[in-house]
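Based on what follows, work out the 3D shape:
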Amino acid sequence: MSSLVLPAAVPSPHTDQRGFLRALFDAAVARALPGAVIAPFMPAPPPGRTVVVGAGKAGGAMAAAVDALWPANAPLSGLVVTRYSHVPPAYRSAPGRIEVVEAAHPVPDAAGQQAAQRIASLVQGLGADDLVLCLISGGGSALLSMPADGVSLDDKRAINRALLHSGAAIDEMNCVRKHLSAIKGGRLAALCHPARVVTLLISDVPGDAPEVIASGPTVADPSTCADALAILTRYGIDIPEAARRGLETGAFETPKPGDPVFAGHAVHLIATPQQSLEAAAALARAAGIDAHILSDEIEGESREVGRVHAALARAVARRGAPFARPCVILSGGETTVTVTTKGGRGGRASEFLLGCAIALQGEPGVHVLAADTDGIDGETGIDAQGRVEDNAGAVVTPDTLARAAAAGLVPQDSLDRHDAYPFFASLGDLVVTGPTYTNVNDFRALLIL
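The predicted model follows:
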């Protein structure tokens, strides 16, 4: 359990439900900020060079934290790639020893490919006395884009977009991504050999498996080319002939556990979804509200997960079971949206909330917030340039459906179109935070009074 002192400004759950739920979200995010958690995991400077590389939505903040902690008289250099607009303002205005560049997410672009190529060049030719400090967080799969031989960036973009719309789970998507990459799935570690590699991870995946986070560029990969092919077949995703041939022949196979390129390496999880949920729970309890964490590993179709959460909230509200009122129910993980109709705007959190609101049917005393801890709600509304919406999530209140009806909105129609963003925008119920500079994925809080 993380320790947390209740700030005097935390809104009362009985008089300001929105403010209270937002405070829980903020506490979850704060627990995962690199500057707050990275110090205990910092390695000592090596006899030789230290090269910092990395990728992810938290990459800029992780680089800034490492730069601040690394001894001023110890050599330090490197390159980290993060999402556009995800470099912390202080590090952008006063860059340090680690270069931070920006690229597109969730669909890769040329900037991400160039960054990956530069990172690959930086780590080659190092010796056994050198150290590679690798900073990895969610989003690295798209940001660190270096296609396998014969696969173009446009091929990777098309496959990535198809995976995002397919409803595939994150471990399935990353299995395909790493096998079509020349740098992920442990291949970056192979490029670093014989230098020692220390990987610091912020987890955004259910189960916190290092080989899944950002497609595991520096860790051994137990999955196979055959697994990747099976996933593509399962979701009916076509791939170019060169990609299929590489998977079918095993030419794109990744380094496996036991490979000597991983000898002496260290991997540390510095922030996880469970820790963030515990921080939110501690804040709720300090405010006198019982808190219950369902799981940090919830997956499934967003709207269906929303309906299940609504059913639980109704049971608590109506029967006081399985939890007594007042209470907060918290959950995390990574849900998915299978896009059946193109053109809608929204993401996982807002689709969860729309499904939840419809199922709640205005249940008195139930208030819900769902948001992505990186500050951007999911990846279902991406356009041709890979852009997504600007909200982290939204809120549902007991009068959501009544206000929607008064505004001429039909919730089920919006849900069928995957068009949750304009639904909640029309009601003034979006949660907009801007980039948070970290990412431990979905955050959901249901307050039942």
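
can you map out the helices along the stretch 201-350 of the chain?
Per DSSP state H, counting those that start in this stretch, the stretch 201-350 of the chain carries helices over the ranges 225-234, 241-249, 273-286, 302-319, 348-360.

Identify whichever of these lies nearest to residue 255.
Comparison of those against residue 255 by C-beta to C-beta identifies helix 225-234 as nearest, at 12.8 Å. Bear in mind the C-beta positions are built from the backbone N, C-alpha and C, glycine included.

which helices and strands sit right next to that closest one?
Judged by 3 or more C-beta pairs under 8 Å, 6 or more residues apart in numbering; DSSP states H and E, the packing partners of helix 225-234 are helix 170-179, helix 241-249.

Now do the buried residues in that helix.
By 16 or more other C-beta atoms under 10 Å, the buried positions in helix 225-234 come out as 225, 227-229, 231-232.

any idea which of the helices of the stretch 201-350 of the chain is most buried?
helix 348-360 (a mean of 28; mean count of other C-beta atoms under 10 Å).

do you know how far the closest residue to residue 321 other than its chain neighbours is from residue 448?
Distances taken as C-beta to C-beta, 6 or more residues apart in numbering place residue 315 nearest to residue 321, at 6.0 Å, with adjacent residues excluded. Distance, residue 315 to residue 448, by C-beta to C-beta, to the nearest Å: 10 Å.

Same check on residue 346?
Counting by C-beta to C-beta, the gap from residue 346 to residue 448 is 25 Å.

Quick check on these two: which one has the bigger neighbour count.
residue 346 (31 against 26; other C-beta atoms under 10 Å).

The more buried one is in contact with residue 377, isn't it?
Yes - applying C-beta atoms under 8 Å as the test, residue 346 and residue 377 come out as touching, 7.0 Å apart.

between the two, what contacts are shared?
389, 421 (C-beta atoms under 8 Å, 6 or more residues apart in numbering).

picking up where we left off before, the residue nearest to residue 321 and residue 327, how far apart?
From residue 315 across to residue 327, the span is 12 Å (C-beta to C-beta).

cool, residue 26 as well?
20 Å.

which residue ranges form the strands in the stretch 51-200 of the chain?
Per DSSP state E, counting those that start in this stretch, the stretch 51-200 of the chain carries strands over the ranges 77-83, 99-103, 131-137, 196-202.

Deepest in the core, which of the ones you listed is it.
strand 131-137 (a mean of 28).

Let me have the strands of the stretch 51-200 of the chain in JSON lines, extended by mean pLDDT and distance to residue 363.
JSON lines is the format used below for the strands of the stretch 51-200 of the chain (pLDDT from 0 to 100; distance: least, C-beta to C-beta, whole Å):
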{"stretch": "strand 77-83", "mean pLDDT": "97", "distance to residue 363": "37"}
{"stretch": "strand 99-103", "mean pLDDT": "97", "distance to residue 363": "43"}
{"stretch": "strand 131-137", "mean pLDDT": "98", "distance to residue 363": "36"}
{"stretch": "strand 196-202", "mean pLDDT": "98", "distance to residue 363": "35"}
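
Now those strands in TSV, please, with extra columns for distance to residue 424.
Below are those laid out as TSV (distance: least, C-beta to C-beta, whole Å):
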stretch	distance to residue 424
strand 77-83	23
strand 99-103	28
strand 131-137	27
strand 196-202	27
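
quick one: which of these is nearest residue 252?
strand 131-137 (21.0 Å).

For the closest residue to residue 333 other than its chain neighbours, give me its contacts.
Leaving aside its sequence neighbours, residue 333 sits nearest to residue 298 (C-beta to C-beta, 6+ apart; 3.6 Å). Residues in contact with residue 298 (C-beta under 8 Å, 6+ apart) are 206, 305, 331-333, 335, 442.
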